[in-house]
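1. next input, structure requested:
(chains A, B and C)
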Amino acid sequence: MSFSSLKVPLSELNLSLTLRSGQCFRWRRRSEKNKDGLEVWVGVVKGHVLSLVQDQDQNMIHYEFLNKRHGDKRIKVDEEEFLRNYFQLHTSLTDLYKHWSDVDPVFKKTAAKFPGVRVMNQDPVENVFSFICATANNIKRIQKMVEAMCLEFGDHLFDDPEFGPLHAFPSVESLSKETVTPALTRLGFGFRAKYISCSAKMIISGGIKPLETLSSPSTPSHETRTELMKLSGVGKKVADCISLFSMAKTEPIPVDTHVYQIACKLYKMKGLDPNKSNSVSDKKYKEIANFFQTLFGSHAGWAHSVLFTADLKL
DNA sequence: GCCGACCCTGGCA
DNA sequence: TGCCAGGGTCGG
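-> The predicted model follows:
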């Protein structure tokens, strides 16, 4: 039991909302609150098993790295930097909320009830294969599938008293093996099993540019998107999610059924039928994305995450 | 550019 | 028990 603390107000990071916003799939809330009656979150990030607690009254996030090995020399400054980087705390969410509220009354109204919803900076490999699982799926099942994939192909990291064995996200190499498709099919991945194996092979063989290159600030987001869409099971929507959530692009708007509904009902966009929002046409997709990008500016994808989270009715 | 198929689950009538 | 939607993508 050795928690450290990070000074962060709720307006900059709302842990509960952010971790449930559907951008990441490996965070779980403990069934029991801690001694102070606060929610405890456990997740796996780049081989680290993390426990996080938000103390709203103190403007603090308490954190603990659970799978420290004996003699681990990692120092507090590194851990703090690791978290600041993961949650992108260098970007002021307060400033962004203010800007979005100034330009859009609809956002302003929503944001009041949903403060601190932030886009995280996740591992590209994990994000690619997690969002391939997201196709025609719901968040609960995506989480189950991602966890199953980690248990099957990822390295063991830690045995949690409540959640049992926690594994790292599998490497691209391990997902490119011939045994992967049958294994994932057995695990109930359905048509996504072959997408995962096929995409892993493509990444390994250099069928697309390296993920690190696509994540680089010097690669424009339209190029990142085009490259990602070469992967099997990755269309425009999934490519936009990956770009936004793990490749440091801030303007992509993943237009899914929720965003379609939001554009239709909250923003009264013309030509949208609320009764058939599944499989958005290329044209409508572009229109909706353009609308929000014009409205919100360079961090439109971040604003979208706030509206999306609000729509989830968590 | 528009369908229908695709795997599987949980919720609901 | 049957139907349907769930953060879509692919192929015709």
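
2. use CA for all of it now, contacts and neighbours both
-> Fine.

3. got any ranges where the stretch 151-300 of chain A has weak pLDDT?
-> A:277-278 (pLDDT under 70).

4. what are the phi and psi angles of residue A:170?
-> Backbone torsions of residue A:170, given as degrees, to the nearest 10, read phi -60, psi 150.

5. do the same with residue A:267
-> When read as degrees, to the nearest 10, the backbone of residue A:267 gives phi -110, psi 0.

6. leaving out chain neighbours, which residue sits closest to it?
-> Spatial nearest neighbour of residue A:267, excluding adjacent residues (C-alpha to C-alpha, 6 or more residues apart in numbering): residue A:106 at 7.7 Å.

7. for whatever helix or strand that neighbour lives in, list every residue counted as buried.
-> Per DSSP states H and E: residue A:106 is located in helix A:105-113. Neighbour counts over helix A:105-113 (16 or more other C-alpha atoms under 10 Å) mark A:107-108, A:111 as buried.

8. residue contacts, residue A:170?
-> A:126, A:149-150, A:153-155 (C-alpha atoms under 8 Å, 6 or more residues apart in numbering).

9. got it, and residue A:227?
-> A:208-209, A:214.

10. same check, this time on residue A:213
-> residue A:219.

11. quick one: it is in a helix?
-> Yes: assessed with DSSP: H, G, I helix; E, B strand; the rest coil, residue A:213 lies in a helix.

12. any idea how far residue A:45 lies from DNA strand B?
-> 25 Å (C-alpha to the nearest atom of the strand, to the nearest Å).

13. for DNA strand B, what are the nearby residues on chain A?
-> Residues of chain A lying close to DNA strand B by C-alpha under 7 Å from any atom of the strand are A:136-137, A:141, A:185-192, A:279, A:281-283.

14. right, and the pair among the residues you listed with maximum separation?
-> With C-alpha to C-alpha as the measure, no two of the residues of chain A next to DNA strand B lie farther apart than A:186 and A:283, at 37.2 Å.

15. which one's more surrounded, these two?
-> residue A:186 (11 against 8; other C-alpha atoms under 10 Å).

16. tell me the contacts of residue A:187?
-> Neighbours of residue A:187 in contact, by C-alpha under 8 Å, 6+ apart: A:145, A:148.

17. for chain A, what's the longest strand?
-> Counting by DSSP state E, the longest strand found in chain A is strand A:48-55.

18. just checking, what packs against that strand?
-> strand A:40-45, strand A:60-65, strand A:156-160 (3 or more C-alpha pairs under 8 Å, 6 or more residues apart in numbering; DSSP states H and E).
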